[in-house]
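In: Show me the folded form of this:
(chains A and B)
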2 protein chains.
Amino acid sequence: MEKEKMRLTEEDQSLLLKILFKQRYASELLSCELADIESDLKDSDHVHYLQVARLFDRLRNADM
Amino acid sequence: MEKEKMRLTEEDQSLLLKILFKQRYASELLSCELADIESDLKDSDHVHYLQVARLFDRLRNADM
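Out: Residues are numbered from 1 along each chain as shown, chains lettered A, B, ... in the order given. Predicted coordinates for the structure are as follows:
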């Protein structure tokens, strides 16, 4: 029986985001995604790639 | 001059959460936070610890 996808509440989502920045892993996460896309491990549309790249730059400029 | 904290839009937040699960790093992130709290690297209130532990269990049970 396929595991039912768990629904994240608003509270779950803000907790995950809070810890993502507390652990200073947000930029690292985006750079992993960019690396996967660039090395073709993940096929991804160009819009997604641009969104990730832009957010990565903004986070790095804000040292977050 | 202290770097101005960058504001995340709703779109930024959902992109980060989408990639967090795409990279299958959500459970790992929570287990790092739990480990830090348990090893006293991070002082944290009990409520925060319980929230993190509960979400970690839910994600692990849903294999997310």
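
In: got a list of contacts for stretch A:16-32?
Out: For stretch A:16-32, the external contacting residues (Cβ atoms under 8 Å, 6 or more residues apart in numbering or on different chains) are A:8, A:52, A:55-56, A:59-60, A:64, B:8, B:13, B:16-17, B:19-20, B:23, B:25-26, B:29-30, B:32-33, B:36, B:42, B:52, B:55. No exception for glycine: its C-beta is placed from N, CA and C like everyone else's.

In: now the end-to-end length of that stretch.
Out: 18 Å (Cα to Cα, to the nearest Å).

In: chain center to it: distance?
Out: Centre-to-centre, stretch A:16-32 and its host chain are 8 Å apart (Cα atoms, centre = their mean, to the nearest Å).

In: Now that stretch: buried residues?
Out: Going by neighbour count (16 or more other Cβ atoms under 10 Å in any protein chain shown), the buried part of stretch A:16-32 is A:16, A:17, A:19, A:20, A:23, A:25, A:26, A:27, A:29, A:30.

In: ditto for stretch A:28-48
Out: For stretch A:28-48, the neighbour count (16+ other Cβ under 10 Å) marks A:29, A:30, A:33, A:34, A:36, A:37, A:44 as buried.

In: Could you list which of those residues belong to helices?
Out: Among the buried residues of stretch A:28-48, DSSP state H puts A:29, A:30, A:33, A:34, A:36, A:37 in helices.

In: from the residues you listed, which single one is nearest residue A:48?
Out: residue A:37 (7.7 Å; Cβ to Cβ).

In: ok, the closest one to residue B:34 distance?
Out: Here the criterion is Cβ to Cβ, to the nearest Å. By it, residue A:37 lies 30 Å from residue B:34.

In: Check residue A:34 too.
Out: Relative to residue B:34, residue A:34 is positioned 28 Å away (Cβ to Cβ).
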